[in-house]
Structures are given as C-alpha cells and as structure tokens.
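In: Have a look at this prediction, sequence included:
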Amino acid sequence: MEVLASNLANADTPGFKARDLEFGSVLKGTQDKRVNMEATHSGHIDSNQKNFGGQLLFAIPHQPSLDGNTVETHIEQGKFTDNSLRYMASLRFINGRVSGIKTALRGE
C-alpha cells in the first residue's frame, strides 16, 4: 500500500520513477525462512525486523510521459483499489473465523 500510495502521490513529479513490488517472490522468500523476533520487554514485540527478501523494482510504463515520470495514474489506482479490496476481504474472513470461535466457546 505504501509503494502504491507513494507512486500516486508523485504522479506529477517530473522524473519520478514508479516503483513496484513483486509479491509472489516476497511470499516465496518468506516460506523458506523463519523470522526471528526479539522482545525488548515482556509486553513488546520488536517490529523492526521486516526483512522478508522483498526488493523494490521499477515499474515498466506502457506510455512514459515526456517529463520522465513513469507513474500511470489509472493503473496505480486500479492496483490500489485491488489491494484495498483484498485487504478488507482478508479482515472480514479473519473476523468471521474469530467470531465463530467465540460463539463456539460460549456455547451459543
């Protein structure tokens, strides 16, 4: 979401090169590795260790602009919308699972 938002925010910046992240390679990299988290306090989790092997790539534009900007707003907005919908669907799925577990524990 951050990469897509950055691309959209710089859509009018001359010379800005759109970035992209290939999620499939990041997911594949996380399946082979374990991420060690260190707690600094019994109630805290260190969230600074986010190295999942992902690498930001430059997006290849279909139609680059004359000022060197490679952000294609309509494509970035579509990706942002798709990402948002998938995120919301995941949250609803997880919420439904948790609600089902709560109901089963209450015996309703």
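Out: Cool, the structure landed.

In: G68 looks like it's in a helix, true?
Out: No - assignment of G68 by DSSP: H, G, I helix; E, B strand; the rest coil gives coil, placing it outside any helix.

In: Need the pLDDT of the closest residue to it other than its chain neighbours.
Out: Spatial nearest neighbour of G68, excluding adjacent residues (Cβ to Cβ, 6 or more residues apart in numbering): G15 at 4.2 Å. (Each C-beta comes from the backbone N, C-alpha and C, glycine too.) G15 carries a pLDDT value of 91.

In: cool, and L57?
Out: L57 is assigned 83 on the pLDDT scale.

In: How about the contacts made by it?
Out: Neighbouring residues of L57 by Cβ atoms under 8 Å, 6 or more residues apart in numbering: 19-22.

In: What residues sit buried inside the helix ranked longest in the chain?
Out: Longest helix in the chain by number of residues (criterion: DSSP state H): helix 73-106. Neighbour-count burial for helix 73-106 flags 76, 79-80 (criterion: 16 or more other Cβ atoms under 10 Å).
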